[in-house]
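Colleague: Model the structure of this input:
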Amino acid sequence: MYRLYLLLFIFLCYFNFAFSQDQPLSDGESTIFKDELLERLIGIWELTGVVAGDSVVNTFEARWVLNHQFLQLHYKDVNVPSQYEALVYVGFNHQENRYVVHWLDIFGGSYSESLGFGRRENNSITFVFKSSDSLLHNTFKWFPDQQKWISYIKQQDQDGKWQSFAIQEIHKKQKKKISF
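Modeller: Numbering: from 1, shown residues only. As a prediction, the model looks like this:
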């Protein structure tokens, strides 16, 4: 009888261990969003590039917020007064194994209705934003040898043809040298 109980105990322990290994992380306050690629984005950066044919320069700051559930990206045009500002929140849905993006900017509510969803491939994450009349892809790619990011945004026109919307380089903000 002792052997039967021992075998049953071992079987239950094994079954419990095997079952717990297959369970994906669940979202919630006790599950911290950790991502070694996005961790490289933390800090204050300068963003330069072209958006819709216009040259842009932005300050760009990335930091963890809301109990480390989201990475907040703060874009702000350097012009005075600023011509563009956005707060972008990147999180991760553990059940769906994908990134989720909330993009809020000066263009208001109708432009922020669609959530973005993303997948990582090596050193890049492509976020897809789909609305009733458009499709947009925003790919962030990390270049470790140059210590910079490139953001490439393309959108699909009404004929289904892809057009470049923006290409932006994100590099660490240089500290100003003081000379005497």
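Colleague: The residue most central in space within the chain: what's its closest spatial neighbour, skipping adjacent residues?
Modeller: The residue at the geometric middle of the chain, judged as the C-alpha nearest the mean C-alpha position with CA atoms, centre = their mean, is residue 90 (4.2 Å). Ranked by CB to CB, 6 or more residues apart in numbering and with sequence neighbours excluded, the top spatial neighbour of residue 90 is residue 71, at 4.5 Å. C-beta here means a position set from N, CA and C on the backbone, and glycine is covered the same way.
Colleague: quick one: which helix or strand includes that neighbour?
Modeller: Here residue 71, judged by DSSP states H and E, is contained in strand 70-77.
Colleague: Return the alpha-carbon coordinates of that strand using CSV.
Modeller: The C-alpha coordinates for strand 70-77 follow below in CSV (Å, rounded to 0.1, in the frame of the first residue of the first chain):
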residue,chain,number,x,y,z
PHE,A,70,4.5,49.8,-20.0
LEU,A,71,7.4,51.5,-21.6
GLN,A,72,6.4,55.1,-22.1
LEU,A,73,7.9,56.9,-25.1
HIS,A,74,7.7,60.7,-25.1
TYR,A,75,8.2,62.4,-28.4
LYS,A,76,8.5,66.2,-28.5
ASP,A,77,9.4,68.4,-31.4
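Colleague: which residues sit against that strand?
Modeller: For strand 70-77, contacts defined as CB atoms under 8 Å, 6 or more residues apart in numbering pick out 33, 35, 38, 41-42, 47, 56-65, 82-91, 105.
Colleague: just the buried members of these?
Modeller: Among the contacts of strand 70-77, those classed as buried by neighbour count (16 or more other CB atoms under 10 Å) are 33, 38, 41, 47, 56, 58-62, 64, 86, 88-91.
Colleague: Restricted to helices, list these.
Modeller: The subset of the buried ones among the contacts of strand 70-77 located in helices under the criterion DSSP state H comprises residue 38.
Colleague: from the buried ones among the contacts of strand 70-77, which ones fall inside strands?
Modeller: Restricting the buried ones among the contacts of strand 70-77 to those inside strands, with DSSP state E as the criterion, leaves 47, 56, 58-62, 64, 86, 88-91.
Colleague: just the helices in this protein please.
Modeller: When secondary structure is read from DSSP H, the chain shows helices at 2-22, 36-39.
Colleague: Could you pull out the buried residues of the last one?
Modeller: Within helix 36-39, the residues that qualify as buried by neighbour count (16+ other CB under 10 Å) are residue 38.
Colleague: now what about that helix, what contacts it?
Modeller: For helix 36-39, using CB under 8 Å, 6+ apart, the contacting residues are 62, 71, 90, 120, 123, 125, 142.
Colleague: what's the closest non-adjacent residue to the first one?
Modeller: On the basis of CB to CB, 6+ apart, the spatially nearest residue to residue 62 that is not a chain neighbour turns out to be residue 41, at 4.3 Å.
Colleague: Kindly state the pLDDT recorded for that neighbour?
Modeller: We note a pLDDT of 95 for residue 41 in this prediction.
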